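[1] Build the 3D model from these lines:
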Amino acid sequence: MHDRLRRFTVGTVLLVGALTLTGCTSDSDAGGQPAPMVSSPLPADPVAALAQAASRLGTETARFSVIFGRGEKSEQRASGTVDPVTGDWELVGDAYVVRRIGNDLYAKVTGEPQLSHYAGQYLDDLGKWVHQPAPTATGSSLAFGKDFPWAQARDVSGMAAPTRTADRIFRGTLKDEHVPVDPVCTAELDLAGRFSRVSTAADADEPSIMLTFSGYGQPVQITAPPADQMIEDHLFNFANLGSIFA
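    Now for the predicted structure:
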């Protein structure tokens, strides 16, 4: 199993529900209203139902949320939007906004990042948009990994021995050669048969993560900040914003 599944396991006991996009600086809410969700019957076979849901990942715009870590003191939360046509996304967390547009990253911090090495490390960057080229995708980074934010749902869709625990909720395990017991994972589908939540149970060593998806098909507009508001800072370390970027 890919390293990202080792590093980013999900606790099913985490708070359920998508985070709202309050404070999001993109124009995600611009435009018309989303079409009413049409109920779609699921295949009786859990494997087929999950495969069907996986085939729809990345075919529509979506809102998503991430809850990373265990316990109130370690939890990191962020919410965002994604345009599957371009692959562009925006992620809003605690005192930061990050946009990825093509191979460019733009970050705006309004408070000292959670994982700064010392107080005032980013004082000169506060309130400005910092531009950097996007790093090469790796298997260990969630936000900078390939196919973000869909990758975790794709992995969970391939769970071993899935069983249906409720009408649209499935439970199984993920193969992981690095741990003695394969982690338990769950997937929840919406009325249209698309992923609405994915999670895997945390072990004693790894943090937890839960991803939720909603707002499929709603208009999304993610644009680069104005040039006069941008600065270049090659010392800016996205990992200081949170483990989602590490």
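[2] Compute the number of surrounding residues for R164.
    Using other C-beta atoms under 10 Å, the number of residues around R164 comes to 14. Every residue, glycine included, has its C-beta placed from N, CA and C.
[3] for it, what are its contacts?
    If a contact means C-beta atoms under 8 Å, 6 or more residues apart in numbering, then R164 has 46, 49, 170 as its contacts.
[4] Filter these down to just the ones in strands.
    F170 (DSSP state E).
[5] Please name the bridge partners of the nearest residue to M230 once chain neighbours are set aside.
    Distance criterion C-beta to C-beta, 6 or more residues apart in numbering; nearest residue to M230, sequence neighbours excluded, is W129 at 4.6 Å. Here W129 shows beta-bridge partners K108, M230, assigned using DSSP bridges.
[6] Go ahead and confirm W129 touches A227.
    No. Distance between W129 and A227: 9.4 Å, which falls outside the contact criterion (C-beta atoms under 8 Å).
[7] What helix or strand is D182 located in?
    Taking DSSP states H and E as the definition, D182 sits outside all helices and strands.
[8] Could I get the contacting residues of it?
    Counted by C-beta under 8 Å, 6+ apart, D182 has contacts 160, 173-176.
[9] at 10 Å instead, please
    1, 159-161, 172-176, 200-201, 203 (C-beta atoms under 10 Å, 6 or more residues apart in numbering).
[10] ranges for the helices of the protein?
    Under the criterion DSSP state H, the chain contains helices at 3-7, 46-54, 151-157.
[11] can you list the weak-confidence ranges in this structure?
    By pLDDT under 70, the low-scoring segments of the chain are 1-36, 70-74, 138-140, 202-207.
[12] Run through the strands of it in chain order.
    62-68, 76-82, 89-93, 96-101, 104-109, 129-133, 160-166, 169-173, 184-189, 195-200, 209-214, 230-232.
[13] nearest to F148, of those strands?
    strand 89-93 (6.8 Å; C-beta to C-beta).
[14] Kindly format the C-alpha coordinates of the closest one as PDB.
    Extracted in PDB, the C-alpha atoms of strand 89-93 (Å, rounded to 0.1, in the frame of the first residue of the first chain):
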ATOM      1  CA  TRP A  89      -7.800  23.500  -5.800                       C
ATOM      2  CA  GLU A  90      -8.000  25.800  -2.800                       C
ATOM      3  CA  LEU A  91      -7.600  24.700   0.800                       C
ATOM      4  CA  VAL A  92      -8.600  26.900   3.800                       C
ATOM      5  CA  GLY A  93      -7.200  26.100   7.200                       C
END
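[15] need the strands of the chain in a markdown table with distance to F148, can you?
    Compiled in a markdown table, these are given as follows (distance: least, C-beta to C-beta, whole Å):
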| stretch | distance to F148 |
| --- | --- |
| strand 62-68 | 9 |
| strand 76-82 | 8 |
| strand 89-93 | 7 |
| strand 96-101 | 8 |
| strand 104-109 | 12 |
| strand 129-133 | 16 |
| strand 160-166 | 24 |
| strand 169-173 | 22 |
| strand 184-189 | 18 |
| strand 195-200 | 13 |
| strand 209-214 | 10 |
| strand 230-232 | 23 |
